[in-house]
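> sequence first, then the predicted structure:
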Amino acid sequence: MKTKLKHVLLTLCPLWFATSAVAGGDKLDGKYFNTSNQSLVQYQIPEWYKDAKIGYWCTWGVYSVPAFAGDHAAEWYGRWMYNVDDGSGNEKGQGFERRGLKTAAYHKQKYGDPSKFGYKDFIPMFKAEKWNADEWADLFVEGGAKFFVFMAMHHDNFLMWDSKHQPFNSVNMGPKRDFTAEMKRAVKARGLHFGVSNHAAWNGSFFEFNHRNGFDGLNKENQALYGTGKVDREAVERWWQVTTELADKYQPDLYYFDWGWNLGAFTEHDRKRFLAHYYNKAIDLGKGRFPAPNVAVNYKNRKKLPVGSAVLDLERGGMKGQEKFLWQNDTSLGLHSWSYAPDEEYRSANQVVDMLMDIISKNGVLLLNIGPKADGSIPAEAAVPVKKIGKWLAKNGEAVYATRPWQIFGEGPTVPSEKMHGDQVEYTAKDIRFTRSKDNKNLYVTFLGWPDTANVPSLANLDLSNIQNVTLLSNQHSVNWKQTPNGLNFDLDAVSNVDRGDYAFVVKIEFKGAVPNL
């Protein structure tokens, strides 16, 4: 009874519990989390997430109807369509940002003045008439996914589920379907883990030019969609309602947050309050036990939560070295937008495989996005590389799934940017990445391109006395090797039936005992 009472109090009075737990060292009898740092840093990342290595997600919603990127990104259409140039010539005027002016001009030309045709008027046009959850799930399975994250709400705050708190949702309006429920069913039926993505914390400021320039966001009946033009405490509480509703109703294995909950009136306590709520809900559902609830939260900016309390996500960026805790890189096949735009440029499967191997060698996971069309179909420009990635993983997945980082991540000249939206880098055959099997008996050496000379300098002094087999993973053929003071050399040229046009080449070194350290 005492533990149950404390859990009720945690839900109703999280601030009181944060204070009492710190003062008295109370850990809720070791059964539940509270909002104190000392409680949350005990969190343990799920084993399934450490094993997964690659998942997919889709940026898809009302913004997919206009599907126009302009000078920025198509999913930000609702922000930029309300730009009004005040003539100041400044990069950021009172009623506009320069990078949004092309979208505003396009909107006027195609749909009319935003005072007559607002963002809300795209909702009836969002019909998703070709959408099929099973087809999406089949594609991601073919692409090698172990989990899928559904875009449940973007900055526009149009919810892709049946919500009792937000009337602007996909069941009440537009397609009149509960996409989140349908997608969860399809994903789970294929043995994948299911996650949701929440970008709505920045909703108030997302539509700020609508409010500044006197458009339909000033009407009270529209503010459930457009907010009030600012992220204040009222906006935070509105966000809390739908955010916890999504967690409680659909019970996702992973909950992704964009950077919006770091801004405005949001506090660290708001973020920690959600962690405790979500983790404890998972414990109540029997998914796991304290301190391993078997679910995960993604967050941006490592300073915004206690280190170790959730999984850090780096958007369109990489790490220069290995991280102690599992982290995630989320990026998109599209180089400019996250949602669909007809003129989008796409990464190749080769680039994604190289990026994947770099990420997992540094204790990371890749979450790869594509942008479907408004009708729910996935463009061939996205589907083709996804399938190619899956073909590579079908041959080389042993070096990816359920692996762990080795003592060092690898070697080579190419270093990714750690900045959010860092520049895309091109890996070469001189870039080599290491992973090891979970049981620590196999070392995987991945060349990110066909090497002229397959020599690995960093392995020059590795103890190889317990080597059992050396094979090329893609075709299981034996590889001759020789260790010299200059490195460990593999004679890949002597291996038959090698597709040198493949993306990356994995040499598996199998040891009789544990993989030795340098």
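Structure received.

> contact partners for Gly334?
By CB atoms under 8 Å, 6 or more residues apart in numbering, the residues touching Gly334 are 341, 344-347, 369-371, 382. (C-beta placed from N, C-alpha, C; glycine too.)

> just the residues you listed: which are in helices?
Ala382 (DSSP state H).

> mind checking which of the contacts of Gly334 are buried?
Among the contacts of Gly334, those buried by neighbour count (16 or more other CB atoms under 10 Å) are 341, 344, 346-347, 369-371, 382.

> need those residues in JSON lines with pLDDT and distance to His72, can you?
Compiled in JSON lines, these are given as follows (pLDDT from 0 to 100; distance: CB to CB, whole Å):
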{"residue": "Ala341", "pLDDT": "98", "distance to His72": "11"}
{"residue": "Glu344", "pLDDT": "97", "distance to His72": "13"}
{"residue": "Tyr346", "pLDDT": "96", "distance to His72": "18"}
{"residue": "Arg347", "pLDDT": "95", "distance to His72": "19"}
{"residue": "Asn369", "pLDDT": "98", "distance to His72": "16"}
{"residue": "Ile370", "pLDDT": "98", "distance to His72": "19"}
{"residue": "Gly371", "pLDDT": "98", "distance to His72": "14"}
{"residue": "Ala382", "pLDDT": "98", "distance to His72": "20"}
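
> what is the nearest of those to Leu275?
Asn369 (23.9 Å; CB to CB).

> now the helix or strand containing Gln109: mean pLDDT?
Here Gln109 sits within helix 101-111, counting by DSSP states H and E. Helix 101-111 shows a mean pLDDT of 97.

> what's the spacing between that helix and its chain's center?
31 Å (CA atoms, centre = their mean, to the nearest Å).

> for it, name the packing helices and strands.
On a contact count with 3 or more CB pairs under 8 Å, 6 or more residues apart in numbering; DSSP states H and E, helix 101-111 meets helix 77-80.

> quick one: mean pLDDT for the helix it packs on?
98.

> how far off centre is the next helix or strand after the helix holding Gln109?
Remark: after helix 101-111, the chain's next helix or strand is helix 133-142, criterion DSSP H and E. Counting by CA atoms, centre = their mean, helix 133-142 is centred 18 Å from the centre of its parent chain.

> and helix 133-142, what does it pack onto?
helix 179-189, helix 380-396.

> below-threshold pLDDT in the stretch 1-150 of the chain: ranges please.
1-29 (pLDDT under 70).

> before we move on, back to that, nearest to Trp481, of the buried ones among the contacts of Gly334?
Among these, and counting by CB to CB, the member closest to Trp481 is Arg347, at 33.0 Å.

> relative to Asp51, which of the contacts of Gly334 is nearest.
When the contacts of Gly334 are compared against Asp51 (criterion: CB to CB), the nearest one is Asn369, at 21.2 Å.

> wait, Glu182 touches Asn132, no?
No: Glu182 is beyond contact range of Asn132, at 9.1 Å (criterion: CB atoms under 8 Å).

> looking at those two, which is more packed in?
Glu182 (19 against 13; other CB atoms under 10 Å).

> most packed of the helices and strands packed on helix 133-142?
helix 179-189 (a mean of 20; mean count of other CB atoms under 10 Å).

> check Phe490 and give its pLDDT.
98.

> run a quick neighbour tally on it.
Neighbour number of Phe490 under other CB under 10 Å is 25.

> report the contact partners of it.
Counting by CB under 8 Å, 6+ apart, Phe490 has contacts 445, 454-456, 470, 479-481, 507.

> same thing with Arg238?
165, 224 are the contacts of Arg238 under CB under 8 Å, 6+ apart.

> tilt between the helix or strand hosting it and helix 179-189?
In this structure, Arg238 sits in helix 233-250 according to DSSP H and E. Orientation of helix 233-250 against helix 179-189 (axes from the mean of the first three to the mean of the last three CA atoms, to 10 degrees) gives an angle of 40 degrees.

> in PDB, list the C-alpha atoms belonging to the helix or strand following helix 233-250.
The helix or strand immediately downstream of helix 233-250 is strand 254-257, counting by DSSP H and E. C-alpha atoms of strand 254-257 as PDB (Å, rounded to 0.1, in the frame of the first residue of the first chain):
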ATOM      1  CA  LEU A 254      10.700   4.400 -27.600                       C
ATOM      2  CA  TYR A 255       9.700   8.000 -27.300                       C
ATOM      3  CA  TYR A 256      11.600  10.600 -29.400                       C
ATOM      4  CA  PHE A 257      11.600  14.300 -28.500                       C
END
